[in-house]
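S.K.: I need the structure of the sequence given here:
(one chain, ligands or ions: 1)
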Amino acid sequence: MSKLARRAWFAYFLAAAMLVGLIVILVRYAVGAPDWMPFQKNGLVVDRSGTMLMDNTDGKSELADNATVRAAMLHILGDTQGYISPYLLNEYGDEMSGYDRFTGTRHTGNGYGRMQLTVSAYAQEAAVYAFGGQKGTIGVYNYKTGEILCMVSSPTYDPRNVPDVAGNPDAYEGVYVNRFLHSAYAPGSTFKLVTAAAALEEIDGIEDRVFHCDGSALIGDEVVICNAVHGDIGFKEALCQSCNVAFARVAQELGAERLSKYADAFGIGKSLAFDGFITKKGNFDLSDATTFEAAWAGVGQYTDQINPCQYMTFMGAIANGGEAAQPYLVESVYFGDREEYRAAHKTCGTMLDRQTADELTDMMHYNVVNNYGEWYFSGLYAGAKSGTAERAEGQAPNALLAGFVRSEDYPLAFVVIVEGGGAGSAACTPIIRQVLDACIVAMNS
Ligand SMILES: [Zn+2]
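M.R.: Numbering: from 1, shown residues only. Predicted coordinates:
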């Protein structure tokens, strides 16, 4: 190699080394810069109607006046002892403190950060009352915009009056977990909606099919047990009465591969990410399932798991013609008069065909009219499916209810879970009634 060529290679090497160094510095700056400055806790957090939830302006350290609201907001705003992360304040720390990533400075003046959430303090309070100390979770959101109006995880406590959590392990089991975002539950019969949607798309004439239920049926080499002897029963009625035999037969006909395809399309095994939160994934895995187990999974048993927040978006997609908005909690962040952040409405993508979504909407409305009771849904056009999920021996089953209101003014989807609540609809309908009423009041104010 000539001397000239060697020099050229050396120059290339130097240039490449500088480039690598520059990239490292830029990445470290982008990731770490906000932490190089002490985080100024100087901000205000308000609910959708401007009610104060947290006020750290001018050296103050205040929370909502109402103890029940403080308890309802615990899993969204975090605690003071460091057990529950203040995800939102971490995620929007720059915006709240007016930090400018390009100039590396903060905006001067007397401004402070102001974060407006989508939740209603009134609906949050209603949810805590409605749970009355039972364990579980509820979420309600607008499936057209994505605004979460209510998200409560129970048990909870007033962060201004911290109880003896360690001394009462049963009462405060999992109290530091936001069950709505960071838990997965066995879905029980609410999962029949996944199987029903797959059947509507894949099996011609399923709407007119008649099944026969003797209270049990042999599927593969095991027996599926039903909650009753339903006799001859159609598809719509089978969903309404939650016939395990009919749905195990439908699931068997669909088969593991097609069931898995639809569970995947509806996002069962996927996370949602918004406002610094990442939801826990559910589970639908038939890779080692027998014929019986695949059918049993289609009824919502076997190893099925759903995440409440993710399943709420599936309810929104059913009510909204197959596609729902992605949920979010932070509407805007201002520093002084300057808008630092405003939520963009995003979609979760198309989950179902419009025709399937509309047929399933009608079937779920039929459930409400003929099983759960329309009076629980504020007199609006609502659809729902209940579930009862068995737990360990000696423990009462979990009660679940998933559904929606189909309305131009109140396009709301919801999931309610009461741990140990027993039969799904009986435990959940009084709760959803109170919370839906409060959400509607909040949307009107
Ligand atoms: Zn049956």
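
S.K.: what residue in the stretch 51-200 of the chain comes nearest to the ion?
M.R.: Of all residues in the stretch 51-200 of the chain, the one sitting closest to the ion is residue 189 (11.3 Å; C-beta to the ion). Quick note: C-beta positions are derived from backbone N, CA and C, even for glycine.

S.K.: pretty sure that residue sits in a helix.
M.R.: Yes: residue state for residue 189 (DSSP: H, G, I helix; E, B strand; the rest coil) corresponds to a helix.

S.K.: contacts only, for it.
M.R.: Applying C-beta atoms under 8 Å, 6 or more residues apart in numbering, one finds that residue 189 lies in contact with 242, 244, 299-300, 385-388, 424.

S.K.: ok, so of those residues, who is nearest residue 170?
M.R.: residue 388 (22.0 Å; C-beta to C-beta).

S.K.: can you give me the strands for the stretch 251-400 of the chain?
M.R.: Read by DSSP state E, counting those that start in this stretch, the stretch 251-400 of the chain holds these strands, from start to end of the chain: 273-274, 277-278, 323-325, 330-335, 338-342, 347-350, 382-389, 398-405.

S.K.: quick one, the fifth one and strand 330-335 angle?
M.R.: Following axes from the mean of the first three to the mean of the last three C-alpha atoms, to 10 degrees, one obtains 160 degrees for the angle between strand 338-342 and strand 330-335.

S.K.: who's in contact with strand 338-342?
M.R.: So strand 338-342 is in contact with 92, 94-96, 98, 107, 111, 113, 330-334, going by C-beta under 8 Å, 6+ apart.

S.K.: and if you look at the second one?
M.R.: When contacts are taken as C-beta under 8 Å, 6+ apart, the neighbours of strand 277-278 outside the stretch itself are 87, 178, 181, 271-272, 329.

S.K.: so how far is that strand from its chain's centroid?
M.R.: Between the mean C-alpha location of strand 277-278 and the chain-wide mean there is a distance of 10 Å, by C-alpha atoms, centre = their mean, to the nearest Å.

S.K.: from the contacts of strand 338-342, list the ones also adjacent to the ion.
M.R.: Checked against the ion using C-beta under 5 Å from the ion, those give no members in range.

S.K.: now those residues in a markdown table, with neighbour count?
M.R.: Compiled in a markdown table, the contacts of strand 338-342 are given as follows (neighbours: other C-beta atoms under 10 Å):
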| residue | neighbour count |
| --- | --- |
| 92 | 21 |
| 94 | 20 |
| 95 | 21 |
| 96 | 28 |
| 98 | 23 |
| 107 | 14 |
| 111 | 18 |
| 113 | 26 |
| 330 | 21 |
| 331 | 18 |
| 332 | 16 |
| 333 | 25 |
| 334 | 21 |
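
S.K.: now the two most distant members of those.
M.R.: Greatest spacing in the contacts of strand 338-342, by C-beta to C-beta: 107 and 331 (20.8 Å).

S.K.: what packs against the helix or strand containing residue 441?
M.R.: The secondary structure element spanning residue 441 is helix 424-444 (assigned by DSSP states H and E). Under the contact criterion of 3 or more C-beta pairs under 8 Å, 6 or more residues apart in numbering; DSSP states H and E, helix 424-444 touches helix 121-131, strand 136-142, strand 148-154, strand 382-389, strand 398-405, strand 412-418.

S.K.: how about the CA coordinates for the third one, as PDB?
M.R.: C-alpha atoms of strand 148-154 as PDB (Å, rounded to 0.1, in the frame of the first residue of the first chain):
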ATOM      1  CA  ILE A 148     -60.100   7.500  29.700                       C
ATOM      2  CA  LEU A 149     -62.900   9.000  31.900                       C
ATOM      3  CA  CYS A 150     -62.400   6.500  34.800                       C
ATOM      4  CA  MET A 151     -59.700   4.200  35.800                       C
ATOM      5  CA  VAL A 152     -59.600   2.800  39.300                       C
ATOM      6  CA  SER A 153     -57.800  -0.100  40.900                       C
ATOM      7  CA  SER A 154     -59.000  -1.500  44.200                       C
END
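
S.K.: and for residue 311, nearest residue in space, chain neighbours not counted?
M.R.: Counting by C-beta to C-beta, 6 or more residues apart in numbering, residue 311 lies nearest to residue 415, which is 5.3 Å off, once chain neighbours are set aside.

S.K.: contacting residues for the one you found?
M.R.: 137-139, 180, 308-309, 311-312, 315, 400-402.

S.K.: can I get these in CSV including neighbour count and distance to residue 250?
M.R.: Compiled in CSV, the contacts of residue 415 are given as follows (neighbours: other C-beta atoms under 10 Å; distance: C-beta to C-beta, whole Å):
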residue, neighbour count, distance to residue 250
137, 26, 29
138, 31, 29
139, 27, 28
180, 28, 30
308, 30, 25
309, 26, 27
311, 28, 20
312, 30, 24
315, 25, 20
400, 32, 20
401, 26, 22
402, 29, 19
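
S.K.: doesn't residue 271 make contact with residue 281?
M.R.: Yes: under the criterion of C-beta atoms under 8 Å, residue 281 is in contact with residue 271, at a separation of 5.3 Å.

S.K.: ok, back up a step: return the most buried member of the strands of the stretch 251-400 of the chain.
M.R.: Between the strands of the stretch 251-400 of the chain, the one whose residues have the most neighbours on average, counting mean count of other C-beta atoms under 10 Å, is strand 398-405 (a mean of 28).

S.K.: which helices and strands sit right next to that one?
M.R.: The helices and strands touching strand 398-405, judged by 3+ C-beta pairs under 8 Å, 6+ apart, are helix 308-319, helix 354-367, strand 382-389, strand 412-418, helix 424-444.

S.K.: narrow the contacts of strand 277-278 to just the buried residues.
M.R.: Burial by neighbour count, 16 or more other C-beta atoms under 10 Å: within these this picks out 87, 178, 181, 272, 329.
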